[in-house]
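The amino acid sequence is not available; the structure is as follows:
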């Protein structure tokens, strides 16, 4: 990645540019880091401006390079040139010495048929030596006293406090950048022996100035890293914690559980993980397992837990009622659905549990007892508009037949001869089938043959039984009450 401010190449995931100190964008970075970075950046800018101003003052105090005296002009010596004798050959020119502006007189072209003249020696020309010019020595330049600001001294105590987690103690770190601008200065003598040394010192001063510009942002970044990162981590955890709670409240407990797992032991994430586990079991239909977990959670810590407990209890009750309904225990199912009120379709299911009353007839016959060697006529109750339901058991406790009698009707049943125990249920309310009969509103009894519960029926005999009569036509059979569960 690259710094978007200065273009410096950075490592992936860097929070700040080590060159210019610019904060790099980070996903979901806490706002506090941005605020601290902005304050530190402003302080660093002020410090840089002061350093630049100090550098300008230093440059102003350095004297300008002295001007060297102009090099004196050297006059060319005057040379006397005597007239040359005629050239020995036709078209010859004399040699030119000294000033090029002097030209020798050229004689007229001689007659080629004229007799040759004797050679004339060229005159000797005396050339004066070039005068020596004395160049004055360069003036000595006094060494100026230059004030160079020292790099700011930053107290490392806030950084240590931040690294140890004492965020409040490290809060004063924001003032470090401002303190950096108050750089102390010492007088440093820079010897400049000549102009070259002076230029070297100037270059050294520029490098030092650049170093200051780089060091200050690096120090600020280090301080921000020591203080901002722990604070940023805390803020990140808090943000994730709140996000997980929002997901949980929105019903996405799976995503919330993932975040809580990543948070480790932050705050009460362990309790919320238990809550997520309970909700997962609820999704799977394991309401008893979920209820066990929820009952172990302090409901005062997490709001809404009571509602989940109620939901689990209702679901468990609904399941129990449904199982009773499927098993034919309609009164138990009716009670369970009715107690659930408006939960799901409980009221609709409760109405389905009420069965249609049978007509006066034999409602059940055990195929293992097919013989019909004797007859038994059973007369219903002649008062109170109550229906009767009678069961006949062998002495071994095996159910042989069941008879339903409406009001004062009568039903005749043919059964094998033998010893029997008879039980009768009475009721004028709803009918919930042959297993639960009239429910808790009915009355349940064992019929008595005098002081005995056994009735002996002989082969080829007919018997008549009055359950309860007030007409005087017969006598009511004796009875004793029993619990419906033992009927």
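Everything's here; your move. Since the structure is predicted, the reported quantities are computational estimates derived from the model, not experimental observations.

From here on, just use CA atoms for contacts and neighbour counts.
OK.

What pairs with whichever strand or helix holds residue 401, parallel or antiparallel?
Secondary structure from DSSP states H and E places residue 401 in strand 399-405. Strand 399-405 has the following strand partners under DSSP bridges: strand 361-365 (antiparallel), strand 387-394 (antiparallel).

Could you give the average pLDDT over it?
Mean pLDDT, computed over strand 399-405, is 98.

residues making contact with it?
Strand 399-405 is contacted from outside by 358-366, 369, 379-380, 387-394, 411, using C-alpha atoms under 8 Å, 6 or more residues apart in numbering.

For PyMOL, write a command that selects the buried ones of those.
Those of those that count as buried under 16 or more other C-alpha atoms under 10 Å are selected in PyMOL with:
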select buried, resi 360+361+362+365+379+380+387+388+389+390+391+392+393+394+411
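
Could you pull up the contacting residues of residue 436?
Residues counted as contacts of residue 436 (C-alpha under 8 Å, 6+ apart) are 329-332, 484.

Let's see that with 10 Å instead.
328-332, 442, 484-485, 487 (C-alpha atoms under 10 Å, 6 or more residues apart in numbering).

For these, please prepare CSV with the additional fields neighbour count.
CSV is the format used below for the contacts of residue 436 (neighbours: other C-alpha atoms under 10 Å):
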residue, neighbour count
328, 16
329, 21
330, 29
331, 26
332, 22
442, 19
484, 17
485, 8
487, 16
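
Quick one: mark the members of these that sit in helices.
Counting by DSSP state H, the part of these found in helices is 330-332.

Of those, which is the nearest to residue 283?
The closest of the ones in helices among the contacts of residue 436 to residue 283 turns out to be residue 332 (C-alpha to C-alpha; 26.3 Å).

need the ones in helices among the contacts of residue 436 in CSV with pLDDT, can you?
As requested, the ones in helices among the contacts of residue 436 are arranged in CSV below (pLDDT from 0 to 100):
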residue, pLDDT
330, 98
331, 98
332, 97
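
ok, back up a step: after the strand holding residue 401 comes which helix or strand?
Of the helices and strands lying after strand 399-405 in sequence (DSSP H and E), the nearest is strand 410-415.

List the neighbouring strands of that next one plus their orientation.
Each strand paired with strand 410-415, and its direction, by DSSP bridges: strand 374-379 (antiparallel).

Mind listing what's buried along the partner strand?
374-376, 378-379.

and the longest strand along the chain, which strands flank it?
Longest strand of the chain, by residue count under DSSP state E: strand 418-427. Strand pairing for strand 418-427, determined by DSSP bridges: strand 387-394 (antiparallel), strand 443-448 (antiparallel), strand 454-457 (antiparallel).

Among those strands, which comes closest to residue 430?
Of the strands paired with strand 418-427, nearest to residue 430 by C-alpha to C-alpha is strand 387-394, at 10.5 Å.

returning to that earlier point: make TSV out of the strands paired with strand 399-405 and add mean pLDDT.
Shown next, in TSV, are the strands paired with strand 399-405 (pLDDT from 0 to 100):
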stretch	mean pLDDT
strand 361-365	97
strand 387-394	98
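
Nearest to residue 20, out of the ones you listed?
Nearest to residue 20, of all the strands paired with strand 399-405, is strand 361-365, at 96.6 Å by C-alpha to C-alpha.

so how many other residues sit close to the closest residue to residue 431 other than its chain neighbours?
With sequence-adjacent residues excluded and distances taken as C-alpha to C-alpha, 6 or more residues apart in numbering, residue 431 is closest to residue 438, at 5.0 Å. Look at residue 438: counted by other C-alpha atoms under 10 Å, it has 25 neighbours.

that older thread, quick one: buried residues of the longest strand of the chain?
For strand 418-427, burial by neighbour count (16+ other C-alpha under 10 Å) applies to 419-427.

picking up where we left off before, quick check: of the ones in helices among the contacts of residue 436, which lies closest to residue 273?
Distance to residue 273 across those (C-alpha to C-alpha) is lowest for residue 332, with 36.9 Å.

how close does the closest one get to residue 314?
Taking C-alpha to C-alpha, to the nearest Å as the measure, residue 332 and residue 314 are separated by 15 Å.

Quick check on residue 406: phi, psi?
Here the main-chain torsion angles of residue 406 (degrees, to the nearest 10) amount to phi -80, psi 130.

so who does the closest residue to it other than its chain neighbours touch?
Distance criterion C-alpha to C-alpha, 6+ apart; nearest residue to residue 406, sequence neighbours excluded, is residue 387 at 4.6 Å. Taking C-alpha under 10 Å, 6+ apart, we find residue 387 in contact with 357, 360, 380-381, 404-409, 425-429, 431, 438, 442.

Tell me what residue 387 is bridged to.
For residue 387, the beta-bridge partners are residue 427 (DSSP bridges).

So that it lines up with my notes, have the first residue be 801 from now on.
From this message on, residue numbering opens at 801, which makes the last subject residue 1187.

Could you check how far it is from residue 1227?
6 Å.

shared neighbours of these two, which are they?
By C-alpha under 10 Å, 6+ apart, residue 1187 and residue 1227 have these common neighbours: 1206-1207, 1238, 1242.

Now render the residues you listed as CSV, adding distance to residue 1270.
Output for the shared contacts of residue 1187 and residue 1227, formatted as CSV (distance: C-alpha to C-alpha, whole Å):
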residue, distance to residue 1270
1206, 17
1207, 13
1238, 23
1242, 20
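
Out of those residues, which is nearest to residue 855?
Nearest to residue 855 among the shared contacts of residue 1187 and residue 1227: residue 1238, at 106.9 Å, using C-alpha to C-alpha.

so what does the helix or strand containing residue 1057 touch, helix or strand wise?
Here residue 1057, judged by DSSP H and E, is contained in helix 1053-1063. Packing partners of helix 1053-1063 (3 or more C-alpha pairs under 10 Å, 6 or more residues apart in numbering; DSSP states H and E): helix 995-1049, helix 1069-1083.

which one of those has the lowest average pLDDT?
helix 995-1049 - the lowest mean pLDDT of the helices and strands packed on helix 1053-1063, at a mean of 69.

contacting residues for residue 1191?
1164, 1199-1204, 1220-1225, 1234, 1246, 1287.

Apart from its neighbours in sequence, what residue is nearest it?
Spatial nearest neighbour of residue 1191, excluding adjacent residues (C-alpha to C-alpha, 6+ apart): residue 1202 at 4.6 Å.

Equivalent analysis for residue 1180, please.
Nearest residue to residue 1180, sequence neighbours excluded (C-alpha to C-alpha, 6+ apart): residue 1208, at 4.2 Å.

where does this protein dip in pLDDT?
In the prediction, the chain carries residues with pLDDT under 70 at positions 826-837, 840, 858-859, 861-1030, 1271-1272.
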